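Novice: show me how the following folds:
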Amino acid sequence: MSVEITTLPSGLRIVTDRMAHLETASLGAWVGAGSRHEGPHEHGLSHLLEHMAFKGTKRRSARAIAEEIEAAGGDLNAATSTEHTAYYAHVLAEDAPLALDILADILTESTFDAAELEREKSVILQEIGAVEDTPDDLVFDIFSASAFPDQPIGRPILGTPTQVTGFGREAIGAYLGSHYFSSAIVVGAAGAVEHNRIVDEAEKRFAGLPAEPPASESPPARYRGGDIRLKRRLEQAHIVVGFEGLPYHHEDFYALQIFSNAVGGGMSSRLFQEVREARGLAYSIHAFHWGYSDVGLFGFYAATGRKDVGELMPVALDCLGEAAQSLGEGEIRRAKAQMKLSLLAALESPAARAEQIARQLMAFDRILTREEIISRIDALELAQIRAAGARTLSSAPTVAAVGPVAKVFGPDRIAERLRGL
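Specialist: Residues are numbered from 1 along each chain as shown. As a prediction, this is how the structure comes out:
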């Protein structure tokens with residue numbers, strides 16, 4: 001494996017993976033701060049800060065940033081998640097220094113112009129409105145809120161209209177100073193990159209980052225489970241039923257991932273075959289398992305017509321409960337193959353690879369090799385996978401639904417159905 005890692009005296013870490021057959025490079029800065037790290041008065045700041053990153057620095061206007069990267073044929077983007085914020089670029093190999101210069105510029109020298117800030121607030125308000133108008137997005141927001149009530153990890157990443165409109169430059173600057181420091185950031189690069197060159201450029205250009213972390217840390221998340229149903233005049237009910245999953249450090253994390261794939265990860269999965277193919281009860285249905293640093297969420301999503309809600313719920317729950325007892329070796333082999341394909345596909349894309357190695361370094365303080373991950377997947381036995389699923393299904397259920405929700409089962413009825421299996 002061609003991965004190389006360097007930690008600078010400031011604490012900034014640089015990780016690269018040279019992919020010799022490529023002529024382009026993907027580079028980015030991954031920050032260990034996302035929506036769950038916001039205080040009650042900061043809800044939505046991580047996402048607003050990401051938006052403001054491209055709105056002008058001391059050296060470049062917003063237009064100049066766009067024109068400079070696109071004149072080189074490259075592109076810039078950013079994304080906010082629950083635990084991270086990422087700023088990244090894709091360029092020709094010779095333009096890697098330019099990409100790093102722009103990324104460092106927006107992270108250390110952004111001006112947060114007042115007029116630009118007001119315009120971007122308006123954009124985010126439209127984004128929040130779009131989620132409200134998109135039930136298959138909204139249902140996952142209220143699912144997290146139901147699973148983690150009154151906790152930062154359960155709040156929507158975008159924030160609320162009231163809080164977003166109230167943020168000023170001072171709030172952004174204070175959040176930046178509290179969370180954007182050298183040891184909280186990983187610079188990742190993959191593709192046609194030279195490690196030493198990336199290190200030299202990063203050391204020079206990110207020197208403006210503060211080196212010392214703040215004293216306080218975010219409180220750990222606590223899964224609670226709950227029930228949030230929004231009655232809307234829609235043709236379909238959008239339903240998410242979930243349970244407590246596993247953090248990505250847990251020894252059974254991969255076992256629950258395999259269980260999730262076998263139950264609802266593809267067209268051959270139990271949920272798809274029974275709910276959609278055999279009975280025609282849903283257009284869309286799939287299972288998921290999200291792992292965070294200290295907790296996880298497992299569940300399934302389904303979109304179904306009003307008249308089919310009452311039948312879909314017991315059928316889907318029976319699929320889950322029976323899988324914990326009767327998953328077969330063939331199903332496990334298919335689920336493992338799906339996971340391996342996902343892993344190997346990431347190795348073929350410089351953008352996916354840069355993100356993968358940066359996030360692994362932040363999560364595990366090292367890079368997991370392809371061989372190590374595959375061997376862990378291959379070593380999983382049927383009994384271990386069934387047991388991981390059974391333990392998860394015994395946790396308190398979480399329910400979220402949008403649309404015609406009268407026949408959606410509540411947590412008590414879900415738990416009773418699963419106990420009966």
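Novice: where's Gln360 relative to Ile367, distance?
Specialist: Computed as C-beta to C-beta, to the nearest Å, the Gln360 to Ile367 distance reads 5 Å. For every residue, glycine as well, the C-beta is placed using N, CA and C.
Novice: ignore what I typed, I meant Gln325.
Specialist: Applying C-beta to C-beta, the value for Gln325 to Ile367 is 37 Å.
Novice: please say which of the two ends up with more neighbours.
Specialist: Between Gln325 and Ile367, counted using other C-beta atoms under 10 Å, Ile367 has the larger neighbour count: 18 against 10.
Novice: so who does the more buried one touch?
Specialist: With C-beta atoms under 8 Å, 6 or more residues apart in numbering as the criterion, the residues that contact Ile367 are 1, 3, 5, 15, 357, 360-361.
Novice: any idea how far it lies from Val164?
Specialist: Applying C-beta to C-beta, one obtains 37 Å for the distance of Ile367 from Val164.
Novice: ok so, going back, would TSV of the contacts of Ile367 with pLDDT be doable?
Specialist: As requested, the contacts of Ile367 are arranged in TSV below (pLDDT from 0 to 100):
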residue	pLDDT
Met1	62
Val3	96
Ile5	98
Val15	98
Ile357	97
Gln360	96
Leu361	97
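Novice: show me those residues that map onto helices.
Specialist: Secondary structure from DSSP state H places 357, 360-361 of the contacts of Ile367 in helices.
Novice: now, of those, which are buried?
Specialist: Restricting the ones in helices among the contacts of Ile367 to buried positions leaves 357, 360-361, with burial counted as 16 or more other C-beta atoms under 10 Å.
Novice: a markdown table for the residues you listed, including distance to Ser268?
Specialist: As requested, those are exported to a markdown table (distance: C-beta to C-beta, whole Å):
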| residue | distance to Ser268 |
| --- | --- |
| Ile357 | 31 |
| Gln360 | 29 |
| Leu361 | 34 |
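Novice: looking at the residues you listed, which is nearest Arg333?
Specialist: Of all those, Arg333 sits closest to Gln360, with 25.9 Å by C-beta to C-beta.
Novice: my guess is the closest one contacts Leu368, does it?
Specialist: Yes. At 5.5 Å, Gln360 counts as touching Leu368 under the criterion of C-beta atoms under 8 Å.
Novice: quickly list what's touching both of these two.
Specialist: Contact criterion C-beta under 8 Å, 6+ apart; residues shared by Gln360 and Leu368: none found.
Novice: what about the residue positioned nearest the centre of the chain, distance to Ile153?
Specialist: Within the chain, the residue whose C-alpha comes closest to the C-alpha centroid is Ser81; the distance, by C-alpha atoms, centre = their mean, is 5.1 Å. With distances taken as C-beta to C-beta, Ser81 is found 11 Å from Ile153.
Novice: which residues do the two both contact?
Specialist: Residues within reach of Ser81 and of Ile153 at once, by C-beta under 8 Å, 6+ apart, are Ser35.
Novice: can you name the residues in contact with the strand or helix carrying Gly321?
Specialist: Using DSSP states H and E, the element containing Gly321 is helix 309-326. Taking contacts as C-beta under 8 Å, 6+ apart, the residues outside helix 309-326 that touch it are 237, 239, 241, 259, 262-264, 270-271, 274-275, 279, 281-282, 285, 300, 302, 304, 386, 389-390, 393, 404-409, 414, 417-418, 421.
Novice: show me where the stretch 201-350 of the chain has strands.
Specialist: Secondary structure of the stretch 201-350 of the chain by DSSP state E, counting those that start in this stretch: the strands cover 227-231, 236-245, 284-291, 296-305.
Novice: most packed of those strands?
Specialist: Among the strands of the stretch 201-350 of the chain, judged by mean count of other C-beta atoms under 10 Å, the one packed with the most neighbours on average is strand 236-245 (a mean of 26).
Novice: just give me how far that strand sits from the chain centre.
Specialist: Strand 236-245 has its average C-alpha position 17 Å from the chain's average C-alpha position, going by C-alpha atoms, centre = their mean, to the nearest Å.
Novice: for it, packing partners?
Specialist: On a contact count with 3 or more C-beta pairs under 8 Å, 6 or more residues apart in numbering; DSSP states H and E, strand 236-245 meets helix 135-147, strand 284-291, strand 296-305, helix 309-326, helix 382-393, strand 398-403.
Novice: contact partners for the closest residue to Gly11 other than its chain neighbours?
Specialist: In space, not counting the residues next to it along the chain, Gly11 is nearest to Ser183; the distance is 3.0 Å by C-beta to C-beta, 6 or more residues apart in numbering. Remark: with contacts taken as C-beta under 8 Å, 6+ apart, Ser183 is in contact with 10-13, 211, 213.
Novice: got a markdown table for those, with pLDDT and neighbour count too?
Specialist: Formatted as a markdown table, the contacts of Ser183 follow (pLDDT from 0 to 100; neighbours: other C-beta atoms under 10 Å):
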| residue | pLDDT | neighbour count |
| --- | --- | --- |
| Ser10 | 93 | 17 |
| Gly11 | 94 | 16 |
| Leu12 | 96 | 23 |
| Arg13 | 97 | 22 |
| Ala211 | 82 | 13 |
| Pro213 | 71 | 15 |
